[in-house]
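Novice: everything below, folded, please.
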Amino acid sequence: MAKFGKWIVGGLGWAFLGPIGGVLGYFVGSAFDSVDLKATSGKQGTTQGDFLMSLLVLVAAVMKADGKVLKSELDYVKAYLLKNFGADKTGEALSLLRDLLNKDIPVEQVCVQIRQQLDYSSRLQLLHFLFGIAQADGTIDAKELSMIESIYYHMGVRSADYNSIKSMFIQETGWAYQVLEIEKTASDDEIKKAYRKMAVKYHPDKVSYLGEDVQKAAKEKFQKVSEAYEKIKKERAFA
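Specialist: Numbers count the residues shown, from 1 in each chain. This is a model prediction of the structure:
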């Protein structure tokens, strides 16, 4: 636990204050046993620790939403963490996640804290991962979708951005247009302009300050934007 506590505090300047701190409970106390709170209190720039701790709390909320925690979901989380954060952090993070799954999470309060402390690009990346978790078993349960909808709203994510990310996972008719946040009646020039705008918004460099790990994960969102654009180009046959 000492190793985990040092890692948490090293990456966090705020998450143990407010509702997230209350959810973490024992882990908070252990982490702060030998840390000067003055050195970590107050809002600073979003860090990898901020992002990962927020991710774990929200993941627990989504996994619990349908009343069951599936092995496919745990496997998805483990694979994601291994790919993006390495074996050591993955083991520690999964240990904390198991504890969080046994706690009642005040989702609205947690999301308000995240909205106040994490930058917008990081919140979009959190949302993208939550959809991946929900779809890990091949389908997104209605209760999981409802939980993600509540999370996006209370995190202060714009509805157009929410629908864009949602369409990357739930590909209904016209999903490619929704990803680019445009109407099907848009002109070819408007589509090209929308693609350039979304490519900038979802470019992995937007979260580069969170480290190479998170930046690699952000590439999946960026690739979906390109996939949507290529689909529309093929349908309309324009260059």
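Novice: pull the contacting residues for the closest residue to Ser54 other than its chain neighbours.
Specialist: Distances taken as C-beta to C-beta, 6 or more residues apart in numbering put Ile114 closest to Ser54, at 5.1 Å, once the chain neighbours are dropped. To be clear about C-beta, it is placed using only N, CA and C from the backbone, and glycine gets the same treatment. Neighbour list for Ile114: 20, 54, 58, 123, 126, 155 [criterion: C-beta atoms under 8 Å, 6 or more residues apart in numbering].
Novice: can I assume the fourth one is in contact with Gln116?
Specialist: No: the pair Arg123 / Gln116 is not scored as a contact, 10.9 Å apart, by C-beta atoms under 8 Å.
Novice: same drill for the two, tell me which one is more crowded.
Specialist: Arg123 (23 against 12; other C-beta atoms under 10 Å).
Novice: tell me how far Ala93 lies from Asp50.
Specialist: In this view, Ala93 and Asp50 are 14 Å apart by C-beta to C-beta, to the nearest Å.
Novice: give me the element Leu55 is part of.
Specialist: In this structure, Leu55 sits in helix 48-65 according to DSSP states H and E.
Novice: show me what that helix is packed up against.
Specialist: The contact analysis (3 or more C-beta pairs under 8 Å, 6 or more residues apart in numbering; DSSP states H and E) places helix 48-65 against helix 2-11, helix 19-24, helix 71-100, helix 107-117, helix 120-134, helix 142-154, helix 212-236.
Novice: please convert those helices to TSV, extending it with mean pLDDT and distance to Met168.
Specialist: Below are these laid out as TSV (pLDDT from 0 to 100; distance: least, C-beta to C-beta, whole Å):
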stretch	mean pLDDT	distance to Met168
helix 2-11	46	28
helix 19-24	69	27
helix 71-100	84	15
helix 107-117	90	21
helix 120-134	92	7
helix 142-154	96	13
helix 212-236	88	4
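Novice: that'll do, ta.
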